[in-house]
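A.B. asks: Could you look at this predicted model? Sequence included:
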Amino acid sequence: MASLNMDNLRHWAIRYTFFFLGLVLFGLGIAISVKVRHLGLHPWDVLNVALTDKFGWSIGTWSVLVGMVVILSSLLISRKYINIGTFLNALLIGPFVDFFLWLDFLPGASYTWFDYGWLLLGILIVGMAGGLYVAGGIGAGPRDGFMLSIADRTKLSVSKARIMVESVVLVIGLLLGGPVHVVTFLYTLILSPVFQVSLRLFAKLRIALAGELPSEVKVKV
């Protein structure tokens, strides 16, 4: 019994380490991207930056507020994808973004080709961080949960639901004056493959570290 309890504790420790480390890195990746926002950002970040520029408060604060609105919207549609991980995701990524921006160690925009490389690094970090926290199996983020709920309610595929939701978010961000440029439309093409590859790799790593059977690993996306 003691051995079983220790195994359970180790499993949970590994899962939450993956989850929280993923959130920290996710915040770092967004902070890097924000520094070169003139090239374009992901639709949700376009909205957060636009709200900051229009109404004040930090990008991280708006990330939390938007995340909570998305969670409430999801609850009205379906509670299926809402859990503790969803709330932690919504509450923590924004402060991590603000923290990395507050440290002021990230280089600002140079308006040269270097900015494209810097933004690509930010996108890669976000993709890998997403794979890392999802591999922890603690729960889907608020935006992913919302898109999954929309897909369930409308009977659309997840990819079509994502396109629909992010298009609406992008239009709102654009109307508010958010940074929409060419990279905005390339984001998903780069981010999705990185996320999928990193998710598989980190899920395998979790299995190896925790001694779980592949069938025992529950990854919620």
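C.D. replies: Cool, the structure landed. Numbering: from 1, shown residues only.
A.B. asks: can you pull the contacts of residue 26?
C.D. replies: Residue 26 sits next to 93, 96, 125, 126, 129, 130, 133 when contact means Cβ atoms under 8 Å, 6 or more residues apart in numbering. (Each C-beta comes from the backbone N, C-alpha and C, glycine too.)
A.B. asks: which SSE is the closest residue to it other than its chain neighbours in?
C.D. replies: Counting by Cβ to Cβ, 6 or more residues apart in numbering, residue 26 lies nearest to residue 129, which is 3.9 Å off, once chain neighbours are set aside. Here residue 129 sits within helix 114-135, counting by DSSP states H and E.
A.B. asks: Not counting its own residues, what contacts whatever helix or strand residue 62 lives in?
C.D. replies: Using DSSP H and E, residue 62 sits within helix 59-77. Around helix 59-77, the neighbours that count as contacts under Cβ under 8 Å, 6+ apart are 27, 30, 34, 44-45, 47-49, 51-52, 81-82, 86-87, 89-91, 93-99, 101, 141-143, 145-146, 149-150, 152-153.
A.B. asks: pLDDT weak spots in this structure?
C.D. replies: 1-7, 211-221 (pLDDT under 70).
A.B. asks: mind listing the helices for it?
C.D. replies: All helices of the chain, identified by DSSP state H, fall at 2-35, 43-55, 59-77, 84-103, 114-135, 142-154, 158-175, 187-210.
A.B. asks: could these be laid out in JSON lines, adding distance to residue 181?
C.D. replies: Output for these, formatted as JSON lines (distance: least, Cβ to Cβ, whole Å):
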{"stretch": "helix 2-35", "distance to residue 181": "12"}
{"stretch": "helix 43-55", "distance to residue 181": "10"}
{"stretch": "helix 59-77", "distance to residue 181": "17"}
{"stretch": "helix 84-103", "distance to residue 181": "20"}
{"stretch": "helix 114-135", "distance to residue 181": "10"}
{"stretch": "helix 142-154", "distance to residue 181": "21"}
{"stretch": "helix 158-175", "distance to residue 181": "11"}
{"stretch": "helix 187-210", "distance to residue 181": "11"}
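A.B. asks: sorry, back to before: identify the farthest-apart pair in the contacts of residue 26.
C.D. replies: Based on Cβ to Cβ, the longest span within the contacts of residue 26 runs between 96 and 130 and measures 13.6 Å.
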